[in-house]
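A.B. asks: Here you go, sequence then predicted model.
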Amino acid sequence: MSRLAPKVIVLASTLTLAACTQADTLPLATPAPTVSTVTADNCGFMIQTGGTPDRIVTVKSTTTELLIELGLADRIVGAAFLDGPLEPPYTALEADIPILSDFLPGQEATLALEPDAIAVGWESNLAADGVGERDDLTARGILTYVAPSACKEAGYQPDPMTFDLLWDQLAEAGEVFGATDAADALVARMRDDLAAITPDDRGLSALWYSSGTDAPYVGAGIGAPQMMMDAAGLDNVFADVHDTWTSATWEAVVDADPDVIVLVDASWNTAADKIAMLEDNPATAALSAVEDGAYLVVPFAGAEAGVRNVQTVASLVDQLGTAVPTQP
């Protein structure tokens, strides 16, 4: 089995009842219910869990929204480092999620919530200067789970990220958090929604501009931005860079002269800020997309692999109809 695909093993175990010395006169004991234990290789770290955690801390929007979609909003005791508001249509319900911190919380604040599971969007969130290191948290009896799309180690990083891998990862999360039915329903809905999207067929080139001013941080050839641009019918001008995101140069952007620019909207670097910067700089102001105002905007939380991705593709296609109207 490829290490890139999520690997979940469900082990069945039963409780053994004491034997009866007078089996011929006493009724047979009824076997105890089967308890399923899920073991998974998560970014190279083996995790084991049995059933749905009661107290979950989530870090980043991708994991928070996933657990909401899995019907576990009432198990979230604290969410942190969110990339935007939790709102429909990207989540299955409007949930009153307690916010632990607007940024990455420290271990002390996290442990104060007495979690039995911590789900994070980035591997770097599980560190001594973050919510804690995985070995230490596991020793405390706390399940740690990283969104598999964010694994960075060779052999675990999706290469490339695809919607089929996303379906597998959502199913894995359903197994790990004891919500398999909800995960199956989520995948089925997202599959159907993706199949209903008609990609743009004009062969338009696109720059996926995430952040950065001196050097643009852009979507490269193997990550979620490439996956979504492919599905929307856009040709990524940095598709030949073998990475998820990369720091490019403005000279390379000018040379590529994309037809459209996808702007990632974040509170710390809004789409409006990016447009102002592009239009104020003489070099980028001469780009075809800037001159034509051919901007497509996606929320930061929809730019990473997760439950928003199909909605993001649909939004890109819809925005293309306005940003780059089809010539009569």
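C.D. replies: Here it is on my side, so go on.

A.B. asks: For the closest residue to Thr249 other than its chain neighbours, grab phi and psi.
C.D. replies: With Cβ to Cβ, 6 or more residues apart in numbering as the criterion, Thr249 has its nearest non-adjacent residue at 6.2 Å, and that residue is Ala215. All C-beta atoms are positioned from the backbone trio N, CA, C, and that covers glycine. Backbone torsions of Ala215, given as degrees, to the nearest 10, read phi -140, psi 130.

A.B. asks: Assess the claim that Ala215 and Thr246 are in contact.
C.D. replies: No: counting by Cβ atoms under 8 Å, Ala215 stays clear of Thr246, with 9.8 Å between them.

A.B. asks: Between those two, tell me which one has more neighbours.
C.D. replies: A side-by-side neighbour count of Ala215 and Thr246, using other Cβ atoms under 10 Å, places Thr246 first with 17 against 14.

A.B. asks: how about the nearest residue to that one, chain neighbours excluded?
C.D. replies: Spatial nearest neighbour of Thr246, chain neighbours left out: Ala220 (4.3 Å); criterion: Cβ to Cβ, 6+ apart.

A.B. asks: ok, so what distance separates the one you found from Ala303?
C.D. replies: 13 Å (Cβ to Cβ, to the nearest Å).

A.B. asks: Could you do Thr58 as well?
C.D. replies: Thr58 is 18 Å from Ala303, where distance means Cβ to Cβ.

A.B. asks: Give me the more crowded residue out of the two.
C.D. replies: The neighbour comparison of Thr58 against Ala303 (other Cβ under 10 Å) goes to Thr58, with 30 against 25.

A.B. asks: Let's verify that one: helix, strand, or coil?
C.D. replies: Judged by DSSP: H, G, I helix; E, B strand; the rest coil, the three-state class of Thr58 is strand.

A.B. asks: Please name the nearest non-neighbouring residue to it.
C.D. replies: For Thr58, ignoring the flanking residues on the chain, the nearest one in space by Cβ to Cβ, 6+ apart is Thr64 at 4.1 Å.

A.B. asks: How about Thr198?
C.D. replies: Closest residue to Thr198 apart from its sequence neighbours, by Cβ to Cβ, 6+ apart: Val317 at 7.1 Å.

A.B. asks: looking at it, Asp243 is touching Gln226, isn't it?
C.D. replies: No: between Asp243 and Gln226 there is no contact under Cβ under 8 Å: 9.8 Å.

A.B. asks: more crowded one of those two?
C.D. replies: In this view Asp243 and Gln226 are compared by other Cβ under 10 Å, and Gln226 has more residues nearby, 24 against 16.

A.B. asks: What backbone torsions are found at that one?
C.D. replies: Taking degrees, to the nearest 10, you get phi -60, psi -40 for the backbone angles of Gln226.

A.B. asks: Roughly how far does it sit from Ala232?
C.D. replies: 11 Å.

A.B. asks: Find the residue ranges of this structure scoring beneath the pLDDT cut-off.
C.D. replies: 1-7, 9-35, 89-90, 92-95, 327-328 (pLDDT under 70).

A.B. asks: let's see 50
C.D. replies: Low-confidence segments of the chain (pLDDT under 50): 1-3, 12-34.

A.B. asks: Which parts of it are strands?
C.D. replies: Using DSSP state E, the strands of the chain run over 8-13, 35-42, 45-49, 56-59, 76-80, 99-101, 117-120, 143-146, 205-211, 217-219, 235-236, 245-247, 260-265, 295-299.
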